Each structure stands twice: as C-alpha cells, then as structure tokens.
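Undergrad: Next comes the sequence, and after it the predicted model I'd like to discuss.
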Amino acid sequence: MRFYTIGYGGRKPEEFLDLLKQKGIKVVIDVRLRPDRASMGSFARAKSQDKGIQRLLSTAGIEYISVIELGNVFLEYADWRERYQELLTKAGGLLIQRLENISCPFCLMCAEKSPEMCHRFLIAEYLVSKGYEVEHIE
C-alpha cells in the first residue's frame, strides 16, 4: 500500500497539480488543523466545492478529504515533534482510522514544502510502521 505526501508551500497551483498528476494521485488528504486559513486562497478549504482547494483539485479529477484530527495541535511549541510523536504513539490507531478506508495511492497534504519540517513526516513514519510505503513529493 503506497501513499504520498506533499506540501504546497511556495508552489504555484499549476505546479502542485502537475506533481499530483505525475504520481497518479486520486485522493488528497488534508492534514492541516485549520485548512480554512491557508495564506494562499487556492489552497484554503472553502465552504463550497466550487472554490479553494476543492475546486483546484476537482479540475484535475482529484478528490479532497480534510482529516483535521491529524492536524498539528502542538505547532506553537518548540518541541512540537516530540509532542506530536507522543500523540501518535498513544492514539495513532484512532487518528488514522479514516485513512484505512481510502484507496491508495492517496497523498497527505500540508502547507510546509519540506517533509522533514512538517508533522506529515511523522504521520508517514507511523503509517510505514503499519505496513504502508511512502514517497514524499518534493
């Protein structure tokens, strides 16, 4: 079971879509805590399907799913990595439940362009420990 991760930070919407299409992504899983507050409007979750990230992805035939329970609630802390890792250790099975019913390949998406600087990297490591294979789109 292969999945991908991507960060949209610093990317133009067209570049973002091209990267997803190159990998054959059919579902983008938004793991932001506040998807409605993206600094770039194209990547914000809108109230209607004809705007924001939903519209952008739908133009390429890609489904959008927001999974806010995987958002980084510890981002404001200097030790956010350790805290988020502990959360995954204690409740990871519960947090990833919705992902288990989504067909691969899906792509975890957050704002940070570099996977190593983002909590999606920790989510990916957790999923790998459960038998998944990951590729970070850079």
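TA: On my side now, so go ahead.
Undergrad: Go through the protein and flag its longest helix.
TA: helix 80-95 (DSSP state H).
Undergrad: next one: that one to chain centre, how far?
TA: Computed by C-alpha atoms, centre = their mean, to the nearest Å, the chain-centroid distance of helix 80-95 equals 16 Å.
Undergrad: same check, this time on stretch 92-107
TA: From the chain centre to the centre of stretch 92-107 is a distance of 11 Å (C-alpha atoms, centre = their mean).
Undergrad: And that stretch, end to end?
TA: This stretch, stretch 92-107, spans 18 Å end to end (C-alpha to C-alpha, to the nearest Å).
Undergrad: Quick check, pLDDT for the residue nearest the centre of the chain.
TA: By C-alpha atoms, centre = their mean, the mean C-alpha position of the chain lies nearest to residue 109, the distance being 2.3 Å. Note for residue 109: predicted pLDDT of 96.
Undergrad: isn't it right up against residue 27?
TA: No - here residue 109 lies out of contact with residue 27, judged by C-beta atoms under 8 Å, at a distance of 10.2 Å. For the C-beta atoms, the positions are set from N, CA and C on the backbone; glycine is no exception.
Undergrad: Sweet, I'm off.
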